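In: Build me a model:
(chains A and B)
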Number of protein chains: 2
Amino acid sequence: MLTNKEEKARYIKVNGKDTVAIIVNEGGLAAGTKFSDGLELKEAIPQGHKVALKDIEPGEPIIRYGMVIGYAMRSLPKGSWVDETALELPAPPDLDALLAQLSHQEGSLHSRTKKKQTQKTPLSMPNTTSSAQSFVAPSFQSEPPTFEGYRNADGTVACKNLLGLVPSVQCMAGVLKVAAARIEKELLPRYPHVDGVVALNHSYGCGVAISAAESEIPIRTIQNLASHPHFGGLALIVGLGCEKLQPERIATAPQHQIIRLQDQAGFSAMVAELMRVAEARLAILDQRRREPCPLSDLVVGVQCGGSDAFSGVTANPAIGYASDLLVRAGATVMFSEVTEVRDAVHLLVPRAVSNDVAQTLIREMKWYDEYLARSNVDRSANPAPGNKKGGLSNIVEKALGSAAKSGISPIVGVLAPGERVPREQSSQRATHGLYFAATPASDFICGTLQLASGIHVQVFSTGRGTPYGLAMAPVIKVSSNSRLAHQWPDLIDIDAGEIANGTAIIEEVGQQIFNYIIDVASGRKKTWADVHGLYNDLVIFNPGPVT
Amino acid sequence: MLTNKEEKARYIKVNGKDTVAIIVNEGGLAAGTKFSDGLELKEAIPQGHKVALKDIEPGEPIIRYGMVIGYAMRSLPKGSWVDETALELPAPPDLDALLAQLSHQEGSLHSRTKKKQTQKTPLSMPNTTSSAQSFVAPSFQSEPPTFEGYRNADGTVACKNLLGLVPSVQCMAGVLKVAAARIEKELLPRYPHVDGVVALNHSYGCGVAISAAESEIPIRTIQNLASHPHFGGLALIVGLGCEKLQPERIATAPQHQIIRLQDQAGFSAMVAELMRVAEARLAILDQRRREPCPLSDLVVGVQCGGSDAFSGVTANPAIGYASDLLVRAGATVMFSEVTEVRDAVHLLVPRAVSNDVAQTLIREMKWYDEYLARSNVDRSANPAPGNKKGGLSNIVEKALGSAAKSGISPIVGVLAPGERVPREQSSQRATHGLYFAATPASDFICGTLQLASGIHVQVFSTGRGTPYGLAMAPVIKVSSNSRLAHQWPDLIDIDAGEIANGTAIIEEVGQQIFNYIIDVASGRKKTWADVHGLYNDLVIFNPGPVT
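Out: Numbers count the residues shown, from 1 in each chain, chains lettered A, B, ... in the order given. Just a heads-up that it's a prediction; the model follows:
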């Protein structure tokens, strides 16, 4: 089993303080394996799983990323396997204490600056390492790069030139599917500059208790999807007629057009009308051409799914480096997944550019804690068994690795679920920098919400592997280990496993991801998901009940 | 406006006690219109809307279906329009009081029969009209009819011969769509006795807090969808590999086969493997032939969506008559939509065949009250604006009309959301009779849950019109008014509006629906939704949070 005599035994220790490290070798390592520093495995340990670097007594903290990821449930001698049953989950950072600390600081900030709203200096938090304080963003040797995009009438830019069909409620999904298939087959070939037809497919309906406070989330999500830049302000808003969420609430752009199916004389008439209006729109879209745009017009989302223990040391830090490059070049980046960064909140708060931003971040986390508590669950419902099989013992370890996707840039803003990145009044460009977009960690729900928040491209890291994709925006798949990249050559776009293999460094893969983002945004490269047409359905986040 | 001098002015009064009636004439009636009984309209009233049959003082009850549907908010002179702003919503029936009443009766039942569990006499409730007591089911003049179905290995019967692809989580939706399209195009034509390929598309993922108490609902739903009789026990269960809901939990039938995408060597290999296994299954399914089956093998669901004021006097009573015919012939029927019958619960409880069934019915309603209360909403979130436009003033009026779909048969059982109809141990046939399947009223969520509960065919009444359909089972669309049937000739299967027009009676349309169900179940007729391939996506009911 698991032994590989040919290959040198290797582990990755992230931080000098760490008392555990993860096994790098593909297939894992056998009991008795010796490392160059003298460490000897007491038992076989699978790839990505943790080995104790010292004798750890029961109750003693277990340290990874320089942070406590849990407390030993039993005696863990040096060289033994530290699996998920060996760790007791620590209490999450206390959000109220963080808030109290901030309001104390706010007083002093006020007296110092008198300009709370525009305060841009990163906050410092006592007893935490403030990455923002030591923020040294990557720099460009020449001119900041541009990308090739379609300029929209409202000043935004599109990376895909799509005809959007946006239903108000799911009732009409069947008609839209039939109509979209016919538009694609019969009309689209005549309009070669249009990249595709996307009929949104979501589960919103009159069942959503529209008067519940939480219903603003699904409604805002659908509104913002309809006005996504990739639809160029020309989406067709398809209503039924009797629904609570009337299409007028979704058609917010000047050229949005509404078609109501209850006004049509049956199915054939519905399809004919959809095709008639679609063709007029295709003719307009077909006139559009790409032009060079500054990166300040670009919004990129980062996400992970099916993570393993390598995610936090390979793919996510490389994505974080790319994210810092993007921010440095003036772009907007958002990271998400509340339950997956909840346990790293004390590391994120000091990176907020202002007390307001820090408080909003904590309030979004608190909202989520309360939302989960209503059903007597907490963030420990994450991780999945596949995460554990991949070596991630608990949500703390997962969170520390997940947060690495955000790089080290200051956090300039926090978005509630489905909220659009605020635009600069003058240019209509996204206010640049790194945002935290508060979303569930579920891949397709996070994807849907990041689309609503306005991403042009998503970068998605995975260790276990998932064929996830989005019809509305390209998804660049980054594998955290080379095993997956080799196994799925026609799904993984970039292999960050080379960092663990020692054949590349974080900065190199980060630069590669950055370049790939620009190429994909410019239409010069296609992601594997776009090559195969692998698209998940949108899933609307509705924290309220259905009737 | 609204006047039609040619046509005789008509209204429908349902019960002798009613103080309001609904206007029948298409286009409504103008102020001053006189009826043959001397009633004169004080103002114009749209079709389906209510007219006051007497002077109603503020605070006085407004009676329809012989029941209080609200209290007058203002003075309503005889002949005036009673719209939704004229009614104050009454308090819903008190579930705890109903339960207390039952436990009192239980004592007396015990002392009378000593056999609580098998007590089959319908209960009587003081102060309510007990339909069950006066239950006279329709009868058949000849032999009970049969239908032509495919007999499954486990004793169940299928009305469609479908290859099912069932994903454990939504992550793989993209791959399944591509694979299903290729199976349909390249393989299906070689297997002419297979009716189709259905790749389920649902929104379940690791985000569902699997440890929350409510998660049993989505998990049971997916399990029961996978073992739906229309898949003949031969569904392919497609897992990713790292998910919490492992495919083994879904593959409950002996011949279910699992394919794990993380075991495959990339996208092309995934599609090739799915097609290889699919072809082997198609070959088996293609051997199947229909044979005559008794109606005791048939499970029919009834639902309504986009209702209007006619629904409760035309389509729903006609469906209720068909439902009684089905029950009489030994079939199983289920009606659903908790919030739409909540206000009629006091009429349903007396129809329960036992105290246990009555208590379960009330407990499901109580669960739903509490589920809604968690987010500070109640059943008044229903009806939709289209319902109101169609003349339905509030949920009480809607509920009284909605419950009519259940006919007058005794209620033999209550199903929790997604629960399968219990089978008889010996024959594996559904325990026959009328069930209440507790589901949300949302069309596609109710449809998904009724499929999980095992329906072969759904009968769906609509007044405003919706192109809703299900890929897994035929949906027969019944319009409550002829205006819709004439407007949507290629979507409405049966026009129950003729009842309001006076050109047919409830029993005739009910018999027509019954005959249509048998024809559709036997594959002799196709619903319009099946002709056009109009299929909504399944939406899993997850009352718990997502992480």
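
In: Got the domain ranges for chain A?
Out: Annotated domains of chain A cover A:1-88, A:162-285, A:293-532 [automatic domain parsing].

In: winner for burial among those domains?
Out: domain A:293-532 (a mean of 24; mean count of other C-beta atoms under 10 Å in any protein chain shown). Yep, even glycine has a C-beta here, placed from its N, CA and C like the rest.

In: Could you give the separation between the terminal residues of that domain?
Out: End-to-end distance for domain A:293-532: 28 Å, by C-alpha to C-alpha, to the nearest Å.

In: A:Arg464 touches A:Ala309, doesn't it?
Out: No: applying C-beta atoms under 8 Å as the test, A:Arg464 and A:Ala309 come out as separate, 10.9 Å apart.

In: okay, and the common contacts of the two?
Out: A:Gly390 (C-beta atoms under 8 Å, 6 or more residues apart in numbering or on different chains).

In: show me the contacts for the residue lying closest to A:Asn394 once chain neighbours are set aside.
Out: Computed as C-beta to C-beta, 6 or more residues apart in numbering or on different chains, the closest residue to A:Asn394 that is not its neighbour in sequence is A:Leu89, at 5.2 Å. For A:Leu89, the contact set (C-beta under 8 Å, 6+ apart) comprises A:70, A:380, A:394-396.

In: Could you find the lowest-pLDDT member of those?
Out: Ranked by pLDDT, the contacts of A:Leu89 bottom out at A:Ser380, which has 75.

In: mind checking how far the residue nearest to A:Asn394 is from chain B?
Out: 13 Å (C-beta to the nearest C-beta, to the nearest Å).

In: Please apply the same query to A:Ile499.
Out: Applying C-beta to the nearest C-beta to A:Ile499 and chain B gives a distance of 21 Å.

In: That residue and A:Gly510 touch, don't they?
Out: No: between A:Ile499 and A:Gly510 there is no contact under C-beta under 8 Å: 9.6 Å.

In: what do these two both touch?
Out: A:317-318.

In: Please narrow the contacts of A:Leu89 to those residing in helices.
Out: A:395-396 (DSSP state H).

In: farthest-separated two in the contacts of A:Leu89?
Out: Longest distance between any two of these is 11.3 Å, between A:Gly70 and A:Ser380; criterion C-beta to C-beta.

In: Could you name every residue contacting both of those two?
Out: Counting by C-beta under 8 Å, 6+ apart, the residues touching both A:Gly70 and A:Ser380 are A:89, A:394.

In: Now A:Arg281: closest residue in space, sequence neighbours ignored.
Out: A:Leu234 (5.1 Å).

In: so who does the one you found touch?
Out: With C-beta under 8 Å, 6+ apart, A:Leu234 has these contacts: A:163-164, A:253, A:255-257, A:281, A:284-285.

In: Tell me which of those residues fall in helices.
Out: Going by DSSP H, the helices hold A:281, A:284-285 from those.

In: Need the pLDDT of A:Ala137.
Out: For A:Ala137, pLDDT reads 52.

In: re the thing from before, which one of the ones in helices among the contacts of A:Leu234 is nearest B:Glu60?
Out: A:Arg281 (54.1 Å).

In: need the contact list for that closest one.
Out: So A:Arg281 contacts A:163, A:234, A:236, A:257 (C-beta under 8 Å, 6+ apart).

In: quick check, nearest of those to chain B?
Out: Within the contacts of A:Arg281, proximity to chain B (C-beta to the nearest C-beta) peaks at A:Leu236, which comes in at 16.2 Å.

In: Leaving out sequence neighbours, find the closest residue to the closest one.
Out: Using C-beta to C-beta, 6+ apart, the closest residue to A:Leu236 is A:Leu165 (5.1 Å).

In: again with A:Pro385
Out: Closest to A:Pro385 by C-beta to C-beta, 6+ apart is B:Lys244, at 6.0 Å.

In: What segments of the stretch 301-450 of chain A are helices?
Out: Using DSSP state H, counting those that start in this stretch, the helices found in the stretch 301-450 of chain A span residues A:315-328, A:338-341, A:345-348, A:355-373, A:385-389, A:395-402, A:443-452.

In: I'd like the next helix or strand past the last one.
Out: When you say that, I think you mean helix A:443-452. Where DSSP states H and E defines the elements, the next helix or strand beyond helix A:443-452 is strand A:457-462.

In: how close does the closest residue to chain B within the stretch 301-450 of chain A sit to A:Pro145?
Out: Closest to chain B within the stretch 301-450 of chain A is A:Gly386: 1.8 Å, counting by C-beta to the nearest C-beta. Remark: distance between A:Gly386 and A:Pro145 (C-beta to C-beta, to the nearest Å) = 36 Å.

In: How about the residue in the stretch 51-200 of chain A that chain B sits nearest to: what's its closest non-neighbour residue?
Out: Taking C-beta to the nearest C-beta, chain B has its nearest neighbour within the stretch 51-200 of chain A at A:Gly174, 3.4 Å off. Computed as C-beta to C-beta, 6+ apart, the closest residue to A:Gly174 that is not its neighbour in sequence is B:Leu534, at 3.4 Å.

In: How about the contacts made by the one you found?
Out: A:174-175, A:178, A:267, B:467-469, B:528.

In: I'd like those residues as JSON lines, with secondary structure, pLDDT and distance to A:Phe436 appended.
Out: Formatted as JSON lines, the contacts of B:Leu534 follow (DSSP: H, G, I helix; E, B strand; the rest coil; pLDDT from 0 to 100; distance: C-beta to C-beta, whole Å):
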{"residue": "A:Gly174", "secondary structure": "helix", "pLDDT": "95", "distance to A:Phe436": "37"}
{"residue": "A:Val175", "secondary structure": "helix", "pLDDT": "97", "distance to A:Phe436": "38"}
{"residue": "A:Val178", "secondary structure": "helix", "pLDDT": "97", "distance to A:Phe436": "40"}
{"residue": "A:Phe267", "secondary structure": "helix", "pLDDT": "98", "distance to A:Phe436": "45"}
{"residue": "B:Pro467", "secondary structure": "coil", "pLDDT": "96", "distance to A:Phe436": "40"}
{"residue": "B:Tyr468", "secondary structure": "coil", "pLDDT": "96", "distance to A:Phe436": "39"}
{"residue": "B:Gly469", "secondary structure": "coil", "pLDDT": "97", "distance to A:Phe436": "41"}
{"residue": "B:Trp528", "secondary structure": "helix", "pLDDT": "98", "distance to A:Phe436": "48"}
